[in-house]
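Peer 1: Pasting the sequence and the predicted coordinates here, then a few questions.
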Amino acid sequence: MRVIITVDYKEMSKKAAEIVKRQIKERPNTVLGLATGSTPLGMYKYLIEMYKKGEIDFSNVITFNLDEYVGLSAEHPQSYHYFMFHNFFHHINIKKENIHIPNGVALDLEEECSRYEEEIEKAGGIDLQILGIGVNGHIGFNEPDESIDTKTHVVTLTEDTINANKRFFKSADEVPKKAITMGLGSIMKAKKIVLLASGKNKAKAIKETIKGQLTTKVPSTVLTLHPDATIIIDKEAASLI
Ligand code: GLP
């Protein structure tokens, strides 16, 4: 696992955007795995800027998002659908049919999970997966547990996650209790992985990812087994390593 420590959030975001840009230049029909949360927002801003300057063409790029809340429709302002369109997809020339996000309001959630997993396989797997990290070391919405499903599945969110994500909702009660997430296996099959983290509240999770033992109790530790994983963190997120 490569670790890149940057001076601040801005540099972290720029470095991540440059990796994405390089990837798309090398392979215009790249399959990108994308993350939500506040961490990748800076990277999305840089990518939009690069697109506006004519430096990236997203017309053949295919994307798969990591996760979506169960019960929130695409129009709900706190859904990850809304987040992705509002913060990224509306501003670039990606084709709508190339965008994939799990459907959190599917009638049959199990079927939706299998469908999503099949779609990833049909696209040839993910070339470059961008990840954030939860304060408890979750990636996507793979929460710490005794065992973790490897494929796309429905999860029950932990209290830590509900507390961390309630800032986007009116109250903790409004945060959905379940989500659909790509599994650790789906993530690990990506050819390249880039995990981003910024700020002191991520320092413990980063320390455990890099220096801790491989355990499903800290899902991000699985990344130590990946042949091409890079962690880009700012000084604060790196403060405990
Ligand atoms: C959510 C998402 C994760 C993300 C995490 C961290 O739980 N499911 O994919 O990594 O939040 O979010 P933030 O970047 O806002 O700290």
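Peer 2: Looks like it came in fine.

Peer 1: where along the protein do the helices fall?
Peer 2: Along the chain, counting by DSSP state H, helices occupy 9-26, 41-52, 80-87, 109-122, 159-165, 184-188, 203-211.

Peer 1: Wondering if the shortest one reaches the ligand at all.
Peer 2: To tie it back to what came earlier, the one meant is helix 184-188. No. Judged by CB under 6 Å from any ligand atom, helix 184-188 and the ligand are separated, with a smallest distance of 10.4 Å. Quick note: C-beta positions are derived from backbone N, CA and C, even for glycine.

Peer 1: And for the longest one?
Peer 2: No. In this structure, helix 9-26 remains apart from the ligand according to CB under 6 Å from any ligand atom; the gap is never smaller than 10.8 Å.

Peer 1: Same check on stretch 28-38?
Peer 2: Yes. Under the criterion of CB under 6 Å from any ligand atom, the ligand is reached by stretch 28-38 at 35, 36, 37, 38.

Peer 1: Which ChimeraX command selects the buried ones in those residues?
Peer 2: Paste this into ChimeraX to select the buried members of the residues of stretch 28-38 next to the ligand, with burial taken from 16 or more other CB atoms under 10 Å:
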select :35,36,37
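
Peer 1: What parts of this protein come near the ligand?
Peer 2: Going by CB under 6 Å from any ligand atom, the residues of the chain near the ligand are 35-39, 66-67, 132-134, 140-141, 161, 165.

Peer 1: Let's see the distance spanning stretch 85-100 from one end to the other.
Peer 2: 11 Å (CA to CA, to the nearest Å).

Peer 1: Buried residues, that stretch. List them.
Peer 2: In stretch 85-100, counting by 16+ other CB under 10 Å, buried: 85, 88, 89, 91, 92, 94, 98, 99, 100.

Peer 1: do stretch 135-150 as well
Peer 2: Of the residues in stretch 135-150, those buried (16+ other CB under 10 Å) are 136, 137, 138, 139, 140, 141, 142, 143, 144, 148, 149, 150.

Peer 1: Can I get the residues of stretch 28-38 next to the ligand in CSV including distance to residue 181 and pLDDT?
Peer 2: Supplementary listing: those in CSV, determined by distance: CB to CB, whole Å; pLDDT from 0 to 100:
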residue, distance to residue 181, pLDDT
35, 11, 98
36, 11, 97
37, 13, 94
38, 18, 95
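
Peer 1: Return the subset of the residues of stretch 28-38 next to the ligand lying in strands.
Peer 2: With strands defined by DSSP state E, no entry of these lies inside them.

Peer 1: Run a quick neighbour tally on residue 1.
Peer 2: Using other CB atoms under 10 Å, the number of residues around residue 1 comes to 15.

Peer 1: Since that was my last question, I'll sign off now.
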